[in-house]
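Undergrad: following is a predicted model, sequence given first.
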Amino acid sequence: MTADALAAEEPPGATARFERFWTWLLSELAPFPGRGAATLRMVIACLAIVTISMALDVPQAYLSAFFVFFMSREDLVTTTITGVALALALIVGFGITIPAYLISVDHPPLRLALMAIVFCAAMYISRVFALGPVAFGIGFVVLISQQFVDLYQEPEALVRGSLWSWVAMTFPIAVVLIVNRIILPERPVALLRQEARLRLGFVIEALDRRLAGLSMEATTPFRSGVVGAARLLGLLKLSANGDPALKSKILAYRALIGTLNRIVESACMLGTLRPAVDPPQDHARTAWLRSALDDFRRSLEGDLSGFRIPVRPHLNPSADSGPAAAILDEMERHVAEINRQLQVLSARSFAPIAPEAPPEVPPEARALFVSDALSNPIYLQFSLKVTAAAMFCYILYTAIDWPGIHTCVITCAVIALGSTGATIHKASLRLSGALIGGGLAILATVFVVPHLESIGELLLLILPVAALSGWITSGSERISYCGVQVAMAFFFGVLEGYAPSADVTHVRDRVVGIVLGIAVMAVIFAYVWPERAEQQMRAALAKALRAAAALLRRLGGADPATAVSIEAERSAIFENLALAQRMAQVSLFEPARDGIARPVGTDAELVAATQATALSSLQVVQLRAAHPEQTAEIADAYRDLTSRIRWVRSVLE
């Protein structure tokens with residue numbers, strides 16, 4: 001890749017942009033294993049909660065129904081953990097706010113100060129503490145519940161309304177947990193196998209492209225979602241919590257996950273090689289690897305103990321090898337290691353064996369606080385920005401006496417993320433969902449609600465919208481929050497009070513509040529201590545590039561044997577490249593810096609260039625370690641990579 005890859009391109013036309021968006025939307029809404037079951041669980045829980053709320057006259061039914069989509073997660077264990085965390089946050093939050101009424105109900109300035117201090121502290125802790133979501137929940141409850149003073153004139157009504165709010169948000173947690181345990185429960189172990197199959201699919205695709213003489217697309221050297229073992233290790237830990245047999249083998253499974261991750265990394269490096277027709281020997285090895293990994297992927301759908309390595313082809317050890325030989329060597333070693341590890345796991349079911357060696361991916365002790373919690377100012381700046389936005393919105397709607405737009409305060413709290421791009425992305429999902437759900441609520445209120453005569457008819461009205469919201473919510477993180485907002489806006493409009501509402505003004509008010517909150521957050525996050533995703537992307541690329549340059553310097557030193565120990569550097573390089581790829585996607589939502597718009601695709605091209613350079617450096621280092629006698633070829637590659645690193649670093653700076 002040369003500097004021409006970063007040349008400015010003509011922005012695509014409106015038709016091309018629409019086609020690209022439509023293709024992306026269809027891919028995000030496409031079914032996948034488990035999505036239908038997750039949607040069914042959310043729909044059943046939602047209908048059950050609405051029935052209970054209407055039959056027992058539980059106020060704020062819209063809040064109870066919305067909580068189904070807010071707390072539902074992809075598996076039973078994670079949903080349970082989320083429910084427990086929410087219950088704890090609600091208990092502590094209302095436990096703080098109700099006694100606080102004694103001193104704040106008649107003193108608005110004091111109440112405003114209390115809201116600001118508690119919420120600011122909660123937002124700060126949410127960024128630096130391991131239990132950050134619980135801290136955020138407590139601060140959010142205090143922020144919202146203190147606004148009840150403006151809605152209830154009498155102290156008794158205020159306390160009663162607050163307690164009913166606690167009930168409306170708490171009993172859905174129990175209903176969701178019961179439904180998730182009874183209706184097609186999704187176990188973490190099933191997701192673990194699904195994620196492993198996804199990674200193997202990526203590797204097989206890379207091998208297929210190599211067999212066809214192709215390389216990866218220029219803008220996607222690898223997918224950030226398949227690199228790294230953190231996701232698999234997290235699912236393994238969740239799976240072992242409820243399975244004693246699996247827990248006894250967790251170290252062996254950690255080693256297996258580490259080996260699988262190494263194969264994925266090797267496939268990434270293989271994908272960055274130039275398109276070429278490999279020598280017959282390398283071609284045969286690639287085909288064998290593809291067959292072995294495809295067998296492993298199929299075994300993940302059933303019994304892992306049935307996996308066996310296919311018979312290797314007879315190869316001439318003296319035959320010339322192509323540029324992919326060193327990578328194929330590594331992949332073959334890892335496939336053999338997977339076969340050995342699975343045999344050990346299978347044997348352990350029948351007879352005890354000696355304790356296993358330390359896993360390839362050692363467990364990491366998770367600290368309670370981030371390492372730079374007290375030294376890095378961005379955490380305090382973040383909490384101050386979000387608090388300022390929320391307090392501005394609260395003072396504004398109070399001053400103009402328009403309490404219907406109180407959703408502006410909620411919006412400021414729920415869309416705040418660590419970068420401007422991520423915040424605007426979440427804000428766009430919230431706005432899109434609110435418009436869809438609000439529009440459906442208005443249509444239902446005008447044409448359907450006046451004709452409803454029973455709870456059964458109300459459930460029939462809610463059913464299709466709940467299904468739509470559940471389907472979107474169960475999708476990827478790029479779109480799931482939109483489904484939550486569709487549910488929120490629709491239920492706010494249809495379930496206001498103890499019966500279906502025929503008033504559409506509160507739907508309008510809440511959408512106006514969301515737009516106002518988004519506007520305030522966009523301005524503050526763009527111009528006050530901005531944390532730009534583009535800067536985070538460039539920082540991650542720079543770290544990866546420095547690590548690659550350090551490896552090349554060691555390669556060029558007097559002792560080439562030091563190039564063998566590259567495991568730690570390799571993991572760090574992949575981690576930073578994957579982070580940069582995610583930040584490049586988020587940076588698309590950020591406003592232009594200094595008023596100068598960057599050409600479409602520039603960040604993606606920069607990430608691709610850096611990925612290709614860093615992974616090529618890993619290839620050269622591993623090739624030198626495997627074949628130290630090939631001095632001339634490696635020296636040429638070393639000089640080429642050194643110049644490429646200098647060029648990419650100049651672009652990053």
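TA: Received it, and whenever you're ready, just let me know what you need.
Undergrad: dihedrals phi and psi, the residue nearest the centre of the chain?
TA: Compute the mean C-alpha point of the chain, and by C-alpha atoms, centre = their mean the closest residue is Glu477, 5.3 Å away. Here the main-chain torsion angles of Glu477 (degrees, to the nearest 10) amount to phi -70, psi -20.
Undergrad: quick one: it and Leu459, what's the gap?
TA: Distance of Glu477 to Leu459, computed by C-beta to C-beta, to the nearest Å: 30 Å. C-beta: built from backbone N, CA, C; applies to glycine.
Undergrad: contacts only, for Ala614.
TA: 544-545, 547-548, 573, 577 (C-beta atoms under 8 Å, 6 or more residues apart in numbering).
Undergrad: name the helix or strand for the nearest residue to it once chain neighbours are set aside, please.
TA: Excluding its sequence neighbours, the residue lying closest to Ala614 (C-beta to C-beta, 6 or more residues apart in numbering) is Ala548, at 4.2 Å. Using DSSP states H and E, Ala548 maps to helix 533-555.
Undergrad: swap in Asp295?
TA: helix 280-299.
Undergrad: enumerate the positions of that helix that are buried.
TA: 281-283, 285-286, 288-290, 292-294, 296-297, 299 (16 or more other C-beta atoms under 10 Å).
Undergrad: nearest to Trp164 among the residues you listed?
TA: The closest of the buried residues of helix 280-299 to Trp164 turns out to be Arg297 (C-beta to C-beta; 51.6 Å).
Undergrad: pop out the phi and psi values for the nearest residue to that closest one once chain neighbours are set aside.
TA: With C-beta to C-beta, 6+ apart as the criterion, Arg297 has its nearest non-adjacent residue at 4.2 Å, and that residue is Leu200. For Leu200, the backbone dihedrals are phi -70, psi -40 (criterion: degrees, to the nearest 10).
Undergrad: same check, this time on Ile415
TA: phi -100, psi 0.
Undergrad: how about low-confidence regions in this protein?
TA: Applying pLDDT under 70 to the chain picks out residues 1-14, 215-223, 275-277, 313-323, 347-367, 497-502, 555-568, 592-602, 622-653.
Undergrad: repeat the analysis, applying 50 as the threshold.
TA: 1-10, 218-219, 349-364, 557-564 (pLDDT under 50).
Undergrad: re earlier: pull out the buried residues from the helix holding Ala548.
TA: Neighbour-count burial for helix 533-555 [16+ other C-beta under 10 Å]: 533-538, 540-549, 551-552, 554-555.
Undergrad: just checking, next helix/strand downstream of it?
TA: Counting by DSSP H and E, what follows helix 533-555 is helix 567-587.
Undergrad: now the angle between helix 533-555 and that following helix, please.
TA: 160 degrees (axes from the mean of the first three to the mean of the last three C-alpha atoms, to 10 degrees).
Undergrad: for helix 567-587, buried residues please.
TA: Going by 16+ other C-beta under 10 Å, helix 567-587 has these buried residues: 569-571, 573-587.
Undergrad: which helices and strands sit right next to that helix?
TA: helix 250-271, helix 420-447, helix 533-555, helix 602-626 (3 or more C-beta pairs under 8 Å, 6 or more residues apart in numbering; DSSP states H and E).
Undergrad: which helix or strand lies directly C-terminal to the second one?
TA: Once helix 420-447 ends, the next helix or strand along the chain (criterion: DSSP H and E) is helix 455-473.
Undergrad: just how off-centre is the next helix or strand after that following helix within its chain?
TA: Moving toward the C-terminus from helix 455-473, the next helix or strand (DSSP H and E) is helix 480-494. Average the C-alpha atoms of helix 480-494, do the same for its chain, and the two points are 20 Å apart (C-alpha atoms, centre = their mean, to the nearest Å).
Undergrad: which parts of the very next helix or strand once past helix 480-494 are buried?
TA: Downstream of helix 480-494, the first helix or strand assigned by DSSP H and E is helix 505-527. Under the neighbour-count criterion of 16+ other C-beta under 10 Å, helix 505-527 has 507, 509-518, 520-522, 524-526 buried.
Undergrad: got it, and stretch 472-489?
TA: Neighbour-count burial for stretch 472-489 [16+ other C-beta under 10 Å]: 472-475, 479-489.
Undergrad: same thing with stretch 190-201?
TA: For stretch 190-201, by 16+ other C-beta under 10 Å, it's 190-200.
Undergrad: how much space between Ile52 and Ser64?
TA: 8 Å.
Undergrad: hmm, who's touching stretch 387-407?
TA: 112, 115-116, 119-120, 123, 143, 147, 150-151, 408-409, 411-413, 416, 505-506, 509-510, 512-514, 516-517, 520-521, 524, 528.
Undergrad: next: stretch 128-142.
TA: Counting by C-beta under 8 Å, 6+ apart, residues outside stretch 128-142 touching it are 85-86, 88-90, 92-94, 96-97, 100, 114-115, 118-119, 121-123, 125-126, 366-370, 373, 379, 413-414.
Undergrad: swap in stretch 164-182?
TA: 41, 44-45, 48-49, 52-53, 58-61, 63-65, 67-68, 71-72, 76, 79-80, 83, 86-87, 90, 94, 145, 148, 186.
Undergrad: go on, stretch 458-471?
TA: Contacts for stretch 458-471 (C-beta under 8 Å, 6+ apart): 29, 35, 38-43, 46-47, 50-51, 54, 65, 69, 72, 437, 440, 444, 448-449, 452, 483-484, 486-487, 490-491, 494, 500.
Undergrad: please repeat the previous calculation with a cut-off of 7 Å.
TA: 35, 38-39, 42-43, 46-47, 50-51, 54, 69, 440, 444, 448, 452, 483, 486-487, 490, 500 (C-beta atoms under 7 Å, 6 or more residues apart in numbering).
Undergrad: give me the buried entries from those residues.
TA: Buried, going by 16+ other C-beta under 10 Å: 35, 38-39, 42-43, 46-47, 50, 54, 69, 440, 444, 452, 483, 486-487, 490, 500, out of those.
Undergrad: how many residues are close by Tyr101?
TA: Using other C-beta atoms under 10 Å, Tyr101 has 18 other residues around it.
Undergrad: okay, buried residues for whatever helix or strand it lives in please.
TA: In this structure, Tyr101 is located in helix 76-104 according to DSSP H and E. Under the neighbour-count criterion of 16+ other C-beta under 10 Å, helix 76-104 has 76-80, 82-83, 85-87, 89-90, 92-94, 96-97, 100-101, 104 buried.
Undergrad: how far does the helix or strand hosting Ser346 sit from the chain's center?
TA: Take DSSP H and E as the rule and Ser346 turns out to sit in helix 325-348. Here helix 325-348 shows a centroid-to-chain-centroid distance of 30 Å under the convention C-alpha atoms, centre = their mean.
Undergrad: next SSE after that helix?
TA: According to DSSP H and E, the helix or strand after helix 325-348 is helix 378-399.
Undergrad: and the angle for that following helix with helix 420-447?
TA: Using the same axes, to 10 degrees: helix 378-399 against helix 420-447 is 30 degrees.
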